[in-house]
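[1] Sequence and computational prediction follow.
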Amino acid sequence: MPAPYSPNDLNLPPPAPLLFRHEQIEAQTGYAEHRHPWGQLNRINLGLIEITSPGQVLVAPADYIVWVPAEQAHAAYIRQALAYTSAYVSPDWAARLPQHMCLISQTPLIRALFDDFYTRKVSSTAAEHEQLQAELLLQRLLQADQSLHYLPETEHRYLAPILAALRKQPGDTTTLAQWAKQVHTTERTLARHFQRELGLSFLQWRNRLRLLSAQALLKQGIQIQDIAWQLGYSNTSAFIAMFRQQAGISPERYRQQSAHTQLGI
């Protein structure tokens, strides 16, 4: 039996070419498995969104949009209070987007176009001037980088115990060479498996994990120097550089944005 349609969709007109829903979401909000009659772009302004579908889990920070094709069953979980935008896509435009769930990177222009729709609380883009902006947004989404995972997983016999240990303790500073000894292989072989299985190097995967951990700790009000220490950095500057490289903003700026979202600003 197919998953039910989302109750929010029942009385909506078809997207032309986009149809928006803008919401403020409470922390620890979950959505049971459902589907939509149209393709859906899921966009958050900070924090994380987790969308699961049979055989696939997508966990993404606000740098990415999660694309879900029409009729695909999925559930969602949001860990912290944030501003959320759902954009349904007309069938002709959706046919040009991937036919599987994926992440789409937000360029500065994509972010600005979404922000404008959100600020003005636009729902329908049927009006001519709104259509032009909607079509520009969709064109840029077609050109943006796409990915199946932000923090991919694997059951590979060498990698799985390493990833599990790092998830448990993101500040673990064990080097790739040291991990290789622990799982009884060579550093070169282990590096090759990271690229082949995950599409990321060991350091890239660990930095993404640390970014997600840092975002959660910043939300809790923990001092930046303490977060740096918890995540295995010998100095705060190195942590800030990693965060800025991964998220595009400083940890303090991220904290300010998080506070504004909690206040409904």
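    Received, thanks.
[2] Residue 43 and residue 65 touch, don't they?
    Yes - Residue 43 is within contact range of residue 65, at 5.0 Å (criterion: Cβ atoms under 8 Å). C-beta here means a position set from N, CA and C on the backbone, and glycine is covered the same way.
[3] Name the SS class of the residue sitting nearest the centre point of the chain, please.
    To find the centre residue of the chain, average its C-alpha atoms and take the closest one (Cα atoms, centre = their mean): that gives residue 60, at 1.7 Å. The three-state label given to residue 60 by DSSP: H, G, I helix; E, B strand; the rest coil is strand.
[4] Domain ranges for this protein, per the record?
    Structurally, the chain divides into domains by automatic domain parsing as follows: 7-147, 159-262.
[5] on that earlier part again, overlap of the contact sets of residue 43 and residue 65?
    Both residue 43 and residue 65 are in contact with residue 106, where contact means Cβ atoms under 8 Å, 6 or more residues apart in numbering.
[6] what number of residues lie near residue 53?
    Around residue 53 sit 18 other residues, with neighbours defined as other Cβ atoms under 10 Å.
[7] same thing with residue 122?
    Residue 122 has 18 neighbours, counted by other Cβ under 10 Å.
[8] secondary structure class for it?
    The three-state assignment at residue 122 reads coil, by three-state DSSP.
[9] Go ahead and confirm it touches residue 130.
    Yes - between residue 122 and residue 130 there is a contact at 6.2 Å, judged by Cβ under 8 Å.
[10] intersection of neighbour lists for these two?
    Both residue 122 and residue 130 lack any common contacting residue under the criterion Cβ under 8 Å, 6+ apart.
[11] By residue count, tell me the biggest helix in this protein.
    For the chain, the helix reaching the highest residue count under DSSP state H is reported as helix 202-219.
[12] Pull the residues that contact it.
    By Cβ under 8 Å, 6+ apart, helix 202-219 touches 46-48, 59, 61, 79-80, 150-152, 163, 166-167, 170-171, 176, 179, 190-191, 194, 198, 200, 224, 227, 230-232, 239, 242-243, 245-247, 251, 254-255, 258.
[13] In strands, which of those residues fall?
    Filtering the contacts of helix 202-219 for membership in strands, criterion DSSP state E, returns 48, 59, 61.
[14] tell me, how many neighbours does the nearest residue to the first one once chain neighbours are set aside end up with?
    Nearest residue to residue 48 in three dimensions, chain neighbours excluded: residue 79, at 5.3 Å (Cβ to Cβ, 6 or more residues apart in numbering). Residues near residue 79, counting by other Cβ under 10 Å, number 19.
[15] which residues does residue 79 contact?
    With contacts defined as Cβ under 8 Å, 6+ apart, residue 79 is in contact with 27-28, 47-48, 50, 216.
[16] quick revisit: what's the average pLDDT for the longest helix of the chain?
    In this model, helix 202-219 has a mean pLDDT of 90.
[17] Kindly report the same for stretch 252-265.
    Stretch 252-265 shows a mean pLDDT of 62.
[18] do the same with stretch 166-174
    If you average the pLDDT values across stretch 166-174, you get 95.
[19] That one: end-to-end distance?
    Start-to-end span of stretch 166-174 (Cα to Cα, to the nearest Å) is 9 Å.
[20] Stretch 217-226 now?
    In stretch 217-226, first residue to last residue: 9 Å (Cα to Cα).
[21] Redo the ones in strands among the contacts of helix 202-219 as TSV? Include distance to residue 107 and neighbour count.
    Conversion of these to TSV gives the following (distance: Cβ to Cβ, whole Å; neighbours: other Cβ atoms under 10 Å):
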residue	distance to residue 107	neighbour count
48	20	19
59	21	21
61	15	20
